[in-house]
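Undergrad: Sharing a model that was predicted from the sequence below.
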Amino acid sequence: MTGRFSWFNATSVALGFAFLYIPILILIIFSFNESKLVTVWGGFSTKWYGELLQNEAYLNAAWVTLRIAFVTATVATALGTIAAMMLVRSGRFRGRTLFTGMVYAPLVMPEVITGLSLLLLFISIGMDRGMLTITLAHITFCMCFASVVISSRLVTFDSSLEEAAEDLGASPLDAFLSVTLPNILPAIAAAWLLTFTLSLDDFVIASFTSGPGATTLPMKIYSSVRLGVTPEVNALSTILIGLVATGVIVASLIGKRAERITEAT
Amino acid sequence: MKPNRLLMAIPYIWLLVLFLAPFGIVIKMSLSDLAVSIPPYTPQLDISEGWAGLRALFANLDFENYAWLADDPLYINAFTSSLIIAAVSTLLTLLVAYPLAYAMACAPRRWRGLLVMLVILPFWTSFLIRVYAWIGILKSEGLLNQLLLSVGVISEPLVILNTTTAVYIGIVYSYLPFMVLPIYAALEKMDGSLLEAAEDLGASRLSAFWLVTFPLSLPGVLAGCFLVFIPALGEFVIPDLLGGSNTLMIGKTLYVEFFSNLDWPVASAVAVVLLAILIVPIFLFQRQQQKVSEQ
Amino acid sequence: MVNDVNFRPWEDPEAAPLIDIANVTKRFGAFTAIHDLSLKIYPREFFAILGPSGCGKTTLMRMLGGFDEPTSGSINLEGEDLTGTSPAKRPVNMMFQSYALFPHLTVQDNIAFGLKREKMPKGEIAERVEQMLGLVQLQDFAARKPHQLSGGQRQRVALARALAKRPKLLLLDEPLGALDKKLREATQFELMGIQEQLGCTFVIVTHDQEEAMTVSSRIAVMKQGEIAQVAPPEQIYEAPASRYVADFIGDVNIIEGHVSAGGESRMSLSWREGEPELVVETGIGLPRGETAWLSLRPEKVSIATTRPETDNALQGKVLDIAYLGNVSTYHVELANGQVVKAQETNAGRSGNRGITWDDQVWVGWSAEAGVVLTS
Ligand SMILES: Nc1ncnc2c1ncn2[C@@H]1O[C@H](COP(=O)(O)OP(=O)(O)OP(=O)(O)O)[C@@H](O)[C@H]1O
Ligand SMILES: [Mg+2]
């Protein structure tokens, strides 16, 4: 739609983005607060960052979380790519409705239900809870997000390119690897990044499926937040926001370049 | 073709085992009894007894937990108040999101990518952190009260944190991108000449909006409402951190039943009821997504 | 070949077809896209498939390429059944309507794609790519990506890529659809040249009847999943098999009547009370009373202010004149309301010899001008 960008529109945008960003900005500002009280400004300082880096519990949790997120993102993106190919390219197959349902339902399923049901599964098959169970749980819901991101790219990708490759003598797998994959790479990268942050962020499902010794960063943050607001958590949040924002911006720049190339074709 | 089929089957089987099958286990658990043991429930399937074990298992399942839920007003209240909170906050989110999405769709084409990214960006930052950010703002000695007191609008600090109001703010804030993006997508692909045609045919700008723009954006509005309402109904973090002990929500009840009371069978029964409530909206959401993706 | 009047393998009962489509039916669910279609295409033919949108042209091509399998019937290539052979294993290549160039590969890598799958030695690949680039005159663009090419250049890369493997059969699905008229016409001749040079068989789908007439050795006109007629272009035009074909190719007058006096070569057609009977020269004998249609091309109908000396002459009033530059078409309404179109070449500058709207005129044509159709 190309309409008139009126004053009303400008106000909506300004208020909307103020609502979205002011809380985050305040959080970041107060991470540099000298005072222990997070709501009273006591001068600029980076001491909470220093303390954070010495807090062994946080560092351990961060390391656990990063390892889980890395494995989750990699496996979930691979499975999500296959699932997206099934959704977009396979036409009708037996059990398609069930499969579509299982891909879309986790996107909106309340986390407490997913968490509880997975935990009961792990218990009933006698699996020890820990990093492995958290990772399995994360892959399950993350692959659905990945497949949605990738399939939205696949539908705009002309399927006659794959047919052309097969026509020229490529096997279906070869056609996928040499033609489809290079062209949906930006979407795959975006899916990896999204699933990485989803796994990094998740608190509810991780707290259901984790066991002794596997405390993730959100679980650690949650327990400190329950004890009250602390500048250390602000500092940690700022670091995470910075990392994620950089990642997203870089990814979107890559995506934009790829888009421009495909648009020109 | 054969090895490809096998490869294709992996996500299918994965979801069957790790997404669908666990619901069966939840249902079975909801029919079991609480026990003081590890794990804390009976009966348990004794595989060594084979068929007889299975029969014994079924003989010991009953609907006691559901009767318990129906009897105790705590659970009924939790369900109704969750439904109300989820519905009201979906509506509030829509009211905040629509003008923003509309303005984004009206913006010059070269800004739109940036605006979309700015809406998505908060979604990528930790949910927990974004909820946490509001604690500092809404506390009685928090920034909002400091601001209002210094301006002189109020003389006593407002109590917002640990009330339902804070939960509303938290849900609207956290789920806003889910509402803005589908509405924006619907508005963005709308043909601008439609509005001009409506005005040309004598509609005022306001009535052109109600007669043309809004109906055409309905698929986006619907998708957004599903994306907010369904997860909000089972939300745990927001009522727990912002709503305090005053807010009753079913996700929180489930969490507490499970972790504090260690009553797995009742927690499972709560999950089953919640799922039963959500099955219709989830089904509608999935059908709508399929329709959109088939276009 | 195409231009060689002696190239008529379909008339030779001994000739072996390259492609033999035998009783092929294709259904999508309950919908029948191709119905019991049989067709033989011979080596070195330039075969055109023509038909309205949705008649099943693409479906037929996709079955030849191996992207879809027939619901029943078989497709044979040089006598071998192709059923179950994947597109990758068929000596058939396709030039896609959308070109389907791989956007992440350069022009030369696009052309080399199929050769690499064949495990052709590197040196030979380079040689073949060079040769194909020369064939389509794109030597200077080898290192470009598809998005750096114009529409016409992309179309030629798609052609080169499909031809690189030296297929026995090349399928072209509306290859020139995206080009403007001038470029289209130039490319049509280029295509014919390339086909002649390589001596392979082309099957082309097109919407454009002029294009089909220009390039092809034979045309198949399709109607709702069936073939209405297969014949060389001049035969399709001059001797259409049915009103459908006559109407589909070019402009035509169709006059319905009954056979009043039959004969082996000449017959009379009574078509309206009070009007003189029409005299037609025809190869077919029809029984008296049979309903028949006279199909008459406008350029074979003359127009004059006085009664012409032709076998058939009718009087009417000029209803409309369409000036098309080189020719003008006059729409003449006869006494009973039937409209006959007559076409005149505008030889002189003022062209129309003074005939204008509402003038009383005569239209006339010879007995050999039209064709009698029974369906
Ligand atoms: N995969 C499919 N599923 C269902 N119906 C199909 C499918 N492919 C084609 N059809 C139907 O078969 C008919 C023939 O389609 P086809 O694409 O062959 O037409 P076409 O002659 O190539 O038309 P056009 O000139 O518009 O390209 C159409 O009615 C179309 O809707
Ligand atoms: Mg077609």
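TA: Looks like it came in fine. Ligands and ions are numbered 1, 2, ... in the order given.

Undergrad: so what's the residue of the stretch 101-250 of chain A found nearest ligand 1 closest to, chain neighbours aside?
TA: Nearest residue of the stretch 101-250 of chain A to ligand 1: A:S159, at 11.2 Å (Cβ to the nearest ligand atom). (Each C-beta comes from the backbone N, C-alpha and C, glycine too.) Computed as Cβ to Cβ, 6 or more residues apart in numbering or on different chains, the closest residue to A:S159 that is not its neighbour in sequence is A:R89, at 6.6 Å.

Undergrad: What residues does the one you found make contact with?
TA: Listed by Cβ atoms under 8 Å, 6 or more residues apart in numbering or on different chains, the contact partners of A:R89 are A:L154, A:S159, A:E162.

Undergrad: Same list (the residues you listed) but as TSV, adding neighbour count and secondary structure.
TA: Conversion of those to TSV gives the following (neighbours: other Cβ atoms under 10 Å in any protein chain shown; DSSP: H, G, I helix; E, B strand; the rest coil):
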residue	neighbour count	secondary structure
A:L154	20	helix
A:S159	14	coil
A:E162	20	helix
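
Undergrad: May I ask which of those residues comes out lowest in pLDDT?
TA: Lowest-confidence member of the contacts of A:R89: A:S159, scoring 83 (pLDDT).

Undergrad: Check for me that B:E257 belongs to a helix.
TA: Yes - B:E257: assigned to a helix according to DSSP: H, G, I helix; E, B strand; the rest coil.

Undergrad: re the thing from before, next, find the distance separating the residue of the stretch 101-250 of chain A closest to ligand 1 from C:F248.
TA: Computed as Cβ to Cβ, to the nearest Å, the A:S159 to C:F248 distance reads 31 Å.

Undergrad: do the same with A:G115
TA: Look at A:G115 and C:F248: by Cβ to Cβ, they are 65 Å apart.

Undergrad: Closest residue of chain B to chain A?
TA: Per Cβ to the nearest Cβ, B:G234 is where chain B lies closest to chain A, at 2.2 Å.

Undergrad: tell me the contacts of the closest residue to that residue other than its chain neighbours?
TA: Distances taken as Cβ to Cβ, 6+ apart place A:P110 nearest to B:G234, at 2.2 Å, with adjacent residues excluded. A:P110 makes contact with B:I230, B:P231, B:L233, B:G234, B:E235, B:F236, B:G251, B:L274, B:L278, according to Cβ under 8 Å, 6+ apart.

Undergrad: count of neighbours near A:F176?
TA: 20 (other Cβ atoms under 10 Å in any protein chain shown).

Undergrad: And the pLDDT for it?
TA: A:F176 is assigned 90 on the pLDDT scale.

Undergrad: ok, now C:Q148?
TA: At C:Q148, the pLDDT value in this model is 88.

Undergrad: can you check B:S193 too?
TA: Looking at B:S193, the pLDDT reads 68.

Undergrad: same deal with B:F58?
TA: Reported pLDDT for B:F58: 66.

Undergrad: where exactly do the helices run in chain A?
TA: Per DSSP state H, chain A carries helices over the ranges A:7-31, A:47-54, A:56-89, A:96-108, A:111-124, A:131-154, A:160-167, A:172-175, A:181-201, A:204-209, A:217-226, A:231-264.

Undergrad: Mean pLDDT lowest where, among those?
TA: helix A:231-264 (a mean of 77).

Undergrad: what's that one packed up against?
TA: helix A:7-31, helix A:47-54, helix A:181-201, helix A:217-226, helix B:109-124, helix B:127-138 (3 or more Cβ pairs under 8 Å, 6 or more residues apart in numbering or on different chains; DSSP states H and E).

Undergrad: does C:A22 sit in a helix or strand, and which one?
TA: Assessed by DSSP states H and E, C:A22 sits inside strand C:19-28.

Undergrad: tell me, what residue is most central in chain B?
TA: B:P231 (1.3 Å; Cα atoms, centre = their mean).

Undergrad: okay but it is in contact with B:Y175, surely?
TA: Yes - using Cβ atoms under 8 Å, B:P231 is in contact with B:Y175, at 7.4 Å.

Undergrad: Can you pull the poorly scored residue ranges out of the stretch 101-250 of chain B?
TA: Applying pLDDT under 70 to the stretch 101-250 of chain B flags residues B:192-193, B:195-196, B:198-200, B:202.
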